[in-house]
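Enquirer: Provided below are the primary sequence and the corresponding predicted coordinates.
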Amino acid sequence: MSLDEIGEEIRRCKRCPLHLTRTNAVPGEGNPRARIVFVGEAPGRNEDLQGRPFVGAAGKLLTELLEKIGLTREEVFITNVVKCRPPNNRDPRPEEISACLPFLERQLRIIDPEVVVALGRHSALTLLKLAGKEERSIMRIRGKVFDVEIFGRRRKIIPTLHPAAALYNPKLRPLLEKDFNELGEILNTGGRRKGSSLEEWL
């Protein structure tokens, strides 16, 4: 099965009540062979309207952060744990996350990234729990690199703040930028060949 086929399945999905209030499901987009995948929490209003991930203000900030470390959206893959917008942008509920997780698992198995950047608390705690690590606070784990086995292979999971959090609270933006700067260093020095450039790593 391809990412496009999974995307079509997501658009038809009725596994949880979120399908009743969505305009569009948001499967994700980007490089199907990306070495790095960004996983947010759930679509917001703009994402629901366009059917694309991170296209609102938070998406603009994410694009800026990527560009600062030499990446474009086309080089990475961007998706969410939950593929449909929760009403009024509320937090996704556990049962909604559980209903959507099989889609994320299949996407990550196909893309097979070496690094997964978890954007926000729900994404980070969900992914780490799947790897057998119980965490509760995004502030305690943000910026750390977890080398864990998840979805069939060992991968690096790097939790950080959701870009929307830095927009709501500008005091958090330096922390988010710091995490992305460190991500850039990891990509430049932690690739398959020691000392390889970011382009070689990708």
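Expert: All right, it came through fine.
Enquirer: Setting aside sequence neighbours, what's the nearest residue to the residue nearest the centre of the chain?
Expert: For the chain, the residue nearest the mean C-alpha position is Val39 (0.9 Å; Cα atoms, centre = their mean). Of all residues not flanking Val39 in the chain, Ser123 sits nearest, at 4.9 Å (Cβ to Cβ, 6 or more residues apart in numbering). For glycine as for every other residue, the C-beta is placed from the backbone atoms N, C-alpha and C.
Enquirer: Likewise for Glu95?
Expert: Leaving aside its chain neighbours, Glu95 sits nearest to Cys16 (6.4 Å; criterion: Cβ to Cβ, 6+ apart).
Enquirer: Tell me the helix or strand right after the biggest strand by length in the chain.
Expert: Determined from DSSP state E, the single longest strand within the chain is strand 153-160. Towards the C-terminus, the helix or strand next in line after strand 153-160, according to DSSP states H and E, is helix 163-168.
Enquirer: The residue nearest to Val39 touches Val82, doesn't it?
Expert: No: using Cβ atoms under 8 Å, Ser123 is not in contact with Val82, being 9.3 Å away.
Enquirer: Between these two, which contacts overlap?
Expert: Each of Glu41 lies in contact with both Ser123 and Val82 under the rule Cβ atoms under 8 Å, 6 or more residues apart in numbering.
Enquirer: can you give me the helices for the protein?
Expert: With DSSP state H as the criterion, the chain has helices at 3-12, 45-50, 57-68, 94-111, 121-130, 138-141, 163-168, 173-189, 198-201.
Enquirer: Looking at those, spot the one closest to Pro87.
Expert: helix 45-50 (10.1 Å; Cβ to Cβ).
Enquirer: What average pLDDT does that closest one get?
Expert: Across helix 45-50, pLDDT averages out at 97.
Enquirer: ok, and what's touching it?
Expert: Identification of contacts with helix 45-50 by Cβ under 8 Å, 6+ apart yields 22-24, 26, 53-56, 59, 84-85, 89.
Enquirer: What's opposite Ala118 in the beta bridge?
Expert: Beta-bridge partners recorded for Ala118 (DSSP bridges): Val39, Pro159.
Enquirer: hang on, isn't it packed against Ile157?
Expert: Yes: here Ala118 lies in contact with Ile157, judged by Cβ under 8 Å, at a distance of 6.1 Å.
Enquirer: Identify the contacts common to these two.
Expert: With Cβ under 8 Å, 6+ apart as the test, Ala118 and Ile157 both reach 124, 127-128.
Enquirer: Among those residues, which one sits closest to Arg11?
Expert: Leu127 (23.4 Å).
Enquirer: quick one: contacts for Lys129?
Expert: Glu135.
Enquirer: Please read the previous query as pertaining to Arg173.
Expert: Contacts of Arg173 were listed using Cβ under 8 Å, 6+ apart, and they are Ala166.
Enquirer: distance of it from Lys60?
Expert: For Arg173, the distance to Lys60 (Cβ to Cβ, to the nearest Å) stands at 13 Å.
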